[in-house]
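S.K.: Could you look at this predicted model? Sequence included:
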Amino acid sequence: MARLGGLSIAIAAFVVSLAAAPWEFPTGADGAAMLATAESLFEHHTLAIDVRFTTDDRYTPSAKRGINGGAYAKYGIGLPILEVPLLGIARAVHRISGLSQSRARVAVLSLLNPLLTALVVLILQLTCERLGASRLAACFVALSYVLATPALSYATYDDSEALQAFVVALAAWTLVVFEQDGRDRALWMCGVALAWGALTKTTFVVLAPAFALAAWFACCSNGSNRIAAVGRTAKLVVPFTVAVGVVGWLNLVRFGSVTATGYNTPVLTNSLGNGLYGLLLSPNKGLVFYAPLVLLAPLGIARLCRRSLPTAIVIVLGTATWTVLNAVFFDWGGGWVWGPRYLQPMLPLVFLVVSSAAERPGVRGLLGMLCAAGLIVNLLGVIVDEGAYRRTTVNVWLGDQTGYATAGNTTSGEIVEVPRSAEDVVAAFSSTAGHWWLARIALVPCDCSSLSLNCACRTGDFATNPVFLSPPWQTQFPQALPSPPYGVSIIWPRLLREAYRTVVFDPDRAPIQ
């Protein structure tokens, strides 16, 4: 019955994710580069991609030329490898159904991140129950993960955050299974999960010590002496080490050094204090605003330590090291995405602590309030296109207020200063306020076409509409005028966008004067 409950919630998460999807693929520059890698593997059995990816950004392009002159994406191969069989399925769908090849690819590839998110929901529910949470609390926490955090938004993107969250959730679940059942097979599975994480993103190396230490404690609690525990822990470490070796070898043959990933070095140049504030507490990207349930985590850590010390070690040590590393990353904001992108993979771990807090007396009312707050905030992130909001600020220049990030220029190798995005550091430009503003514009009704450069309202011109000319930053920065998001619809989900055009307003039709 517990499995049935978790499976039902996972299916619901999958369906909701599909309903929220734009049914476009790729949706961003990162995803386009990873898809290009998958296509090269599928068609030509090489990692080299089109050289245009080496110039898709002035300082930090998606790809870098290797020592043989070819262009290689700077991102890990974990997601492209998963996309390769989907490209084969898409080709079969194209041949059988008569759909165009591009439409078949969009239809098939758009299923991947919703499926990974649904699997995270299922694994999270099972892990919470393993750690002693009631079935009701486990199901509530699992459902809250997808509805009251940015997880649903990332299920509709083409980035690797959904895959990273799946890897973390799977590794945590297998560790708990090993602690409780004592089967070394679970340790191997944990190591394989972390290995796939390393293939997906090299920053997974900072999680290895936390999982290895937790596995060692679990071995000791299962009756192994300290020396034997080291030997058993190696079953987790070996697959991960092999994956790191593969990444190093790929770096060597592509870029001439085992440590050369294709990123613009140096990258760990941000102030730790500013990064931690930005990722955790700021109204722009702060986790407490985008996933308010994390505020309950401190209430559950003591209870979790009593139930499973190894799991508590992974959560505390792993989350801390991951957060610190991403806080000092020069682009800690994560680009044109909703919420604290780089903390999303850690939320399955944090929600294990939330499930422990949910069992405390007197917490249920607060649990419901924080979940409702997270649901409201993240609905804005799903309904409104973050790309549309960012396009309204493309002509805003606030270097004096935002400051500059220091990083290497991938092309020239020089150290450059890049102005930070106002959406990341200036409260008035927070995406939550921006999405609410664009949602109000859509209700006027106004919208921009995703097929043309037409922006229109039912009456009058989009660019002169009083709601559009009253952005959330107007009072503080009256000189910062918004730009219409030409070529991008305000509304992100494809189903909602089509319904809006049918029932409310279609910007491609002549507006009623």
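M.R.: Alright, I've got the coordinates.

S.K.: ok, Y145 - contacts?
M.R.: Taking CB atoms under 8 Å, 6 or more residues apart in numbering, we find Y145 in contact with 120-121, 124, 151, 347-348, 351. C-beta: built from backbone N, CA, C; applies to glycine.

S.K.: and F289, what are its phi and psi?
M.R.: phi -90, psi -30 (degrees, to the nearest 10).

S.K.: Grab the nearest non-local neighbour of it.
M.R.: Once flanking residues are discounted, F289 sits nearest to P283: 6.0 Å by CB to CB, 6 or more residues apart in numbering.

S.K.: Ok, A407 next?
M.R.: A407 sits nearest to F330 (CB to CB, 6+ apart), 4.2 Å away.

S.K.: and that neighbour, how far is that from Y342?
M.R.: Separation of F330 from Y342 (CB to CB, to the nearest Å): 12 Å.

S.K.: Of the two, which one has the most company?
M.R.: Legend: neighbour count by other CB atoms under 10 Å for F330 and Y342, higher for Y342 (25 against 21).

S.K.: and the more buried one, what does it touch?
M.R.: By CB under 8 Å, 6+ apart, Y342 lies in contact with 279, 326, 329, 332, 334.

S.K.: ranges for the strands of the protein?
M.R.: Secondary structure of the chain (DSSP state E): strands at 48-49, 63-65, 71-73, 404-408, 415-419, 446-448, 455-457.

S.K.: and the ones you listed as CSV, adding mean pLDDT?
M.R.: Putting those into CSV (pLDDT from 0 to 100) gives the following:
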stretch, mean pLDDT
strand 48-49, 96
strand 63-65, 93
strand 71-73, 95
strand 404-408, 83
strand 415-419, 84
strand 446-448, 95
strand 455-457, 92
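
S.K.: Ok, which of those comes nearest T156?
M.R.: strand 446-448 (18.6 Å; CB to CB).

S.K.: partner strands of the closest one, parallel or antiparallel?
M.R.: Strand 446-448 has the following strand partners under DSSP bridges: strand 455-457 (antiparallel).

S.K.: Tell me the gap between the partner strand and the middle of its chain.
M.R.: Its chain's average C-alpha position is 31 Å from that of strand 455-457, according to CA atoms, centre = their mean, to the nearest Å.

S.K.: Name the nearest residue to K235, sequence neighbours excluded.
M.R.: Per CB to CB, 6+ apart, closest to K235 is L187, 4.4 Å.

S.K.: my read: that neighbour touches A215, true?
M.R.: Yes. With contact defined as CB atoms under 8 Å, L187 counts as touching A215 (6.1 Å).

S.K.: Identify the contacts common to those two.
M.R.: Residues touching both L187 and A215 (CB under 8 Å, 6+ apart) are 178, 232-233, 236.

S.K.: Show residues contacting stretch 356-364.
M.R.: Stretch 356-364 has contacts (CB under 8 Å, 6+ apart) with 131-134, 137, 140-141, 296-301, 303-304, 307, 367.

S.K.: Buried members of the residues you listed into PyMOL, please.
M.R.: To isolate the buried members of the contacts of stretch 356-364 in PyMOL, using 16 or more other CB atoms under 10 Å:
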select buried, resi 131+132+133+137+140+141+296+297+299+300+303+304+307+367
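
S.K.: Of the contacts of stretch 356-364, which belong to helices?
M.R.: 137, 140-141, 297-301, 303-304, 307, 367 (DSSP state H).

S.K.: ok, longest helix in this structure?
M.R.: Ranked by number of residues, the top helix in the chain under DSSP H is helix 226-255.

S.K.: Would you mind listing the buried residues in that helix?
M.R.: Result for helix 226-255 [16+ other CB under 10 Å]: buried residues 229, 232-233, 235-237, 239-241, 243-244, 247-248, 250-251, 254-255.

S.K.: Can you pull out the low-pLDDT segments for the stretch 1-150 of the chain?
M.R.: Within the stretch 1-150 of the chain, the ranges that satisfy pLDDT under 70 run 1-4.

S.K.: okay, now the residue lying closest to F255 once chain neighbours are set aside: neighbour count?
M.R.: Among residues not flanking F255 along the chain, G66 sits closest, at 5.6 Å (CB to CB, 6+ apart). G66 sits with 18 neighbouring residues when counted by other CB under 10 Å.

S.K.: Then D508?
M.R.: 13.

S.K.: Residue numbering should commence at 47 henceforth.
M.R.: Got it, the first residue is 47 from now on, which makes the last one we talked about D554.

S.K.: quick one: it and R349, what's the gap?
M.R.: From D554 to R349 the distance is 56 Å (CB to CB).

S.K.: So A488 sits against I536, correct?
M.R.: Yes. The criterion here is CB under 8 Å, and A488 meets it with I536 at 4.9 Å.

S.K.: Next, show the common contact partners of the two.
M.R.: V430.

S.K.: how much space between the spatially most central residue of the chain and V399?
M.R.: Central residue of the chain (CA atoms, centre = their mean): E207, 3.2 Å from the mean position. Distance, E207 to V399, by CB to CB: 20 Å.

S.K.: Surely L325 and T369 touch.
M.R.: Yes. Look at L325 against T369 with CB under 8 Å: they come within range, at 6.5 Å.

S.K.: out of those two, which sits in the busier spot?
M.R.: Ranked by neighbour count (other CB under 10 Å), L325 and T369 place L325 first, with 26 against 19.

S.K.: Tell me how many other residues crowd the nearest residue to the more buried one once chain neighbours are set aside.
M.R.: Distances taken as CB to CB, 6+ apart place P386 nearest to L325, at 5.0 Å, with adjacent residues excluded. When neighbours are defined as other CB under 10 Å, P386 has 28 of them.

S.K.: where along the stretch 47-196 of the chain do the helices fall?
M.R.: Under the criterion DSSP state H, counting those that start in this stretch, helices of the stretch 47-196 of the chain are mapped to 48-66, 75-90, 124-143, 147-155, 158-176, 181-193.

S.K.: looking at those helices, which is closest to A451?
M.R.: Closest to A451 of these is helix 75-90 (CB to CB; 17.8 Å).

S.K.: what about stretch 111-130, how long is it end to end?
M.R.: 23 Å (CA to CA, to the nearest Å).

S.K.: buried sites along it?
M.R.: Neighbour counts over stretch 111-130 (16+ other CB under 10 Å) mark 111-112, 116-130 as buried.

S.K.: One more: stretch 408-425?
M.R.: For stretch 408-425, by 16+ other CB under 10 Å, it's 409, 412-413, 416-417, 419-420, 423-425.

S.K.: now R278, nearest residue through space, not along the chain?
M.R.: C265 (4.7 Å).

S.K.: residues contacting I537?
M.R.: For I537, the contact set (CB under 8 Å, 6+ apart) comprises 429-431, 488, 493, 543, 546.
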